[in-house]
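Q: Need coordinates for the following:
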Amino acid sequence: MTSNPLPLSAPPRSVLFVCGMNVVRSPVAERLARHLLPPSTFIASAGVQVGEPDPFVDVVLAEEGFELEERKGRTLDDLEDDYFDLIVTLSPEAHHAALDLTRTLASEVEYWPTVDPTATQGSREQVISAYRDMRDRLKARILERFGLETNRMGNE
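A: I've put the predicted structure just below:
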């Protein structure tokens, strides 16, 4: 892990988002970042373990005009390359795994605690609201972290 964080004005060349199962938080962050960051930035996501696709993810991404490409969740072990300039972890389990992964790498690791909306109970609207909140918080964090304008998302 490097001692100096990447400058906010210069996007990293590669970013990895990691959460527990790579089916909710990290794929949403990956999809948002792909839209917001320059096309020259390589962006991926992975999980500590594999989970099943979540239909609520498709709903909240569709509200932003996005689709989550047909894909299965993948783990850190499934990645072809394990070097990233920046690894953003979204859960404690993912953060510990990323720190283990980067013991011998010069990657920056940032922890962005993100509530798992799958734990939300209640009506469909209450559950979808939790997913929207997760999506909106990730979007705001990406915009803030990379010094991007807030009008880069939504109704352009």
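Q: got the residue ranges for the helices in the protein?
A: 25-36, 55-62, 92-101, 124-145 (DSSP state H).
Q: now the second one, how far from the chain's geometric center?
A: Here the centre of mass of C-alpha atoms in helix 55-62, compared against the chain's by Cα atoms, centre = their mean, to the nearest Å, lies 15 Å away.
Q: Contacts for that helix, please.
A: By Cβ atoms under 8 Å, 6 or more residues apart in numbering, the surrounding residues in contact with helix 55-62 are 23-24, 27-28, 31, 67-68, 117, 127-128, 131-132, 134-135. In this view, the C-beta of every residue, glycine as well, is placed from N, C-alpha and C.
Q: so what's residue 135 up against?
A: In this structure, residue 135 makes contact with 28, 32, 60, 61, 64, judged by Cβ under 8 Å, 6+ apart.
Q: Would you quantify the distance from it to residue 144?
A: Separation of residue 135 from residue 144 (Cβ to Cβ, to the nearest Å): 15 Å.
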